[in-house]
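1. build me a model from this:
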Amino acid sequence: MVNPWLQFLISAAVIVYAGSTLTRNAAVIANITGIGTAWAGALMLPLATSLPELVTTLRAVSIEAPDLALGNILGSCLYNLALLAIIDYLAGKEALTALISKRHIITAYLSILTVGLAFIGMFAINLISIGWIGSNTFLIALVYIIGSRMIYKSELMNMDRAGTGNNSHDKEKDQLRNIAILKFVVAAGFIVAAGIFLTDAADQIALKTGLGHSFVGSLFLAISTSLPETVTTITAVRLAYLDMAVANVFGANFANLFIVFLADLFYFQAPLLHEVSNIQMVTAVIVMVLSAVFVFGLINRSGKTFFRTGINTAIILAGYLTAVFLIYRFGGN
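-> Model prediction:
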């Protein structure tokens, strides 16, 4: 039998490499088709970079580990927000919130709304239930569908105003686009396969170490399944696509909450949100608060920095470290 720690590390390494491939090819597709890097970051990249969360979460509910499943989702959202501090540090001397578009406010608000619905569901507050599925997860799915359409239309309007649409059908460009799409899909496939092995390893680690599913899900598994977001975000910053990097963070968080709905569909025992420990509520609140902190920074557009990062992202990093301590202290189950 393979050592679970070795299996965990190898799977994580595969996800890192595939995540880098995803970003570069997403940028190629965005440039050739003219869809815009912000749109690619908000919708296209998250669909791929959230694949590990999807695979690992569905795997977790299949082995009846609800805290591992939801801890993975909320922990990933929390970690993704911490990436904003890394983006800010790498971007330069000016605060990140003064360098990027205000359009990210839409995706940030949508992610806050969906986390809020999950938070309410954890209190077992549901207007109706359909079979074993709570109404809150249906509302999350509805918000995701409507919100994705809003983001898409918003980006189309901005592209039209900027005149960045690309309607040319150059054969060489078409060939490059097709190759990029193929590489994108293959990389996504590797992420799916690695995600399955990663979850099984995390489950064994939780059982053998006694750390518990909440802690392992919210930290080890969440950080590992967020490796594609980490790699794609840092790669986007190095390619000078700051809007793509930030859009990927909030787009991934928005997509992650849709996975809660999918997980609820396949967790047949009861509404998934009713079956998790109280520490998940704490994580959800911190995710909402830290997202709101960044939104405030975008509205305020302050250029003030603290150790090469904006005040807002410094607060987010401090909030993340606080959450890690609380999950470690009270998350064992």
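
2. just to be sure, residue 93 is in a helix?
-> No - read with DSSP: H, G, I helix; E, B strand; the rest coil, residue 93 is coil and lies in no helix.

3. show me what contacts it?
-> If you count contacts by CB atoms under 8 Å, 6 or more residues apart in numbering, residue 93 has them with 305, 308. Glycine gets a C-beta too; all of them are placed from N, C-alpha and C.

4. repeat that for 10 Å
-> Neighbouring residues of residue 93 by CB atoms under 10 Å, 6 or more residues apart in numbering: 303, 305, 308.

5. and the second one, how far from residue 242?
-> Same thing as residue 305. 15 Å (CB to CB, to the nearest Å).

6. do the same with residue 107
-> With CB to CB as the criterion, residue 107 and residue 242 are 15 Å apart.

7. neighbour count for those two, which is higher?
-> residue 107 (29 against 22; other CB atoms under 10 Å).

8. so which strand or helix has the more buried one?
-> Element membership for residue 107 (DSSP states H and E) is helix 104-122.

9. which residue comes closest to residue 267 once chain neighbours are left out?
-> Leaving aside its chain neighbours, residue 267 sits nearest to residue 61 (4.3 Å; criterion: CB to CB, 6 or more residues apart in numbering).

10. ok, the one you found - how many residues close by?
-> For residue 61, using other CB under 10 Å, the count is 22.

11. quick one, phi psi at it?
-> phi -70, psi -30 (degrees, to the nearest 10).

12. list the contacts of it.
-> 68-70, 262-269, 272, 275.

13. TSV please, covering those residues and showing secondary structure, pLDDT and neighbour count.
-> TSV is the format used below for these (DSSP: H, G, I helix; E, B strand; the rest coil; pLDDT from 0 to 100; neighbours: other CB atoms under 10 Å):
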residue	secondary structure	pLDDT	neighbour count
68	helix	80	27
69	helix	85	32
70	helix	88	32
262	helix	91	16
263	helix	89	25
264	helix	90	28
265	helix	88	17
266	helix	86	15
267	coil	86	26
268	coil	80	11
269	coil	80	11
272	helix	85	27
275	coil	82	19
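
14. from those, pick the one nearest residue 253.
-> Distance to residue 253, by CB to CB, is smallest for residue 70 among those, at 14.0 Å.

15. residue contacts, the closest one?
-> 57, 60-61, 118, 122, 213-214, 217-218, 259-260, 263-264, 267, 272-273, 275-277, 280, 283-284.

16. now do 7 Å
-> Going by CB atoms under 7 Å, 6 or more residues apart in numbering, residue 70 touches 260, 272, 276, 280.

17. buried ones in the helix or strand that contains residue 195, by neighbour count?
-> Taking DSSP H and E as the criterion, residue 195 maps to helix 171-209. Neighbour counts over helix 171-209 (16 or more other CB atoms under 10 Å) mark 177, 180-181, 183-184, 187-188, 190-191, 194-195, 197-206 as buried.

18. what does stretch 246-266 give?
-> Neighbour-count burial for stretch 246-266, counted by 16+ other CB under 10 Å, picks out 246-265.

19. excluding its backbone neighbours, what's nearest residue 197?
-> residue 11 (4.4 Å).

20. between the host helix or strand of that neighbour and helix 171-209, how many degrees?
-> Element membership for residue 11 (DSSP H and E) is helix 4-33. Calculated by axes from the mean of the first three to the mean of the last three CA atoms, to 10 degrees, helix 4-33 forms an angle of 160 degrees with helix 171-209.

21. please name every helix or strand in contact with helix 4-33.
-> helix 45-49, helix 171-209, helix 227-238 (3 or more CB pairs under 7 Å, 6 or more residues apart in numbering; DSSP states H and E).

22. circling back to that earlier point, just the contacts of residue 70: which are in helices?
-> 260, 280 (DSSP state H).

23. before we move on, back to that, include distance to residue 294 when you put the helices and strands packed on helix 4-33 into a markdown table, please.
-> Formatted as a markdown table, the helices and strands packed on helix 4-33 follow (distance: least, CB to CB, whole Å):
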| stretch | distance to residue 294 |
| --- | --- |
| helix 45-49 | 17 |
| helix 171-209 | 26 |
| helix 227-238 | 14 |
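
24. compare the ones you listed and give me the one nearest residue 96.
-> helix 227-238 (9.8 Å).

25. of all the helices and strands in this structure, which has the lowest average confidence?
-> Least confident helix or strand, the chain: helix 37-39 with a mean of 54, by mean pLDDT, DSSP states H and E.

26. fine, thanks again, bye for now.
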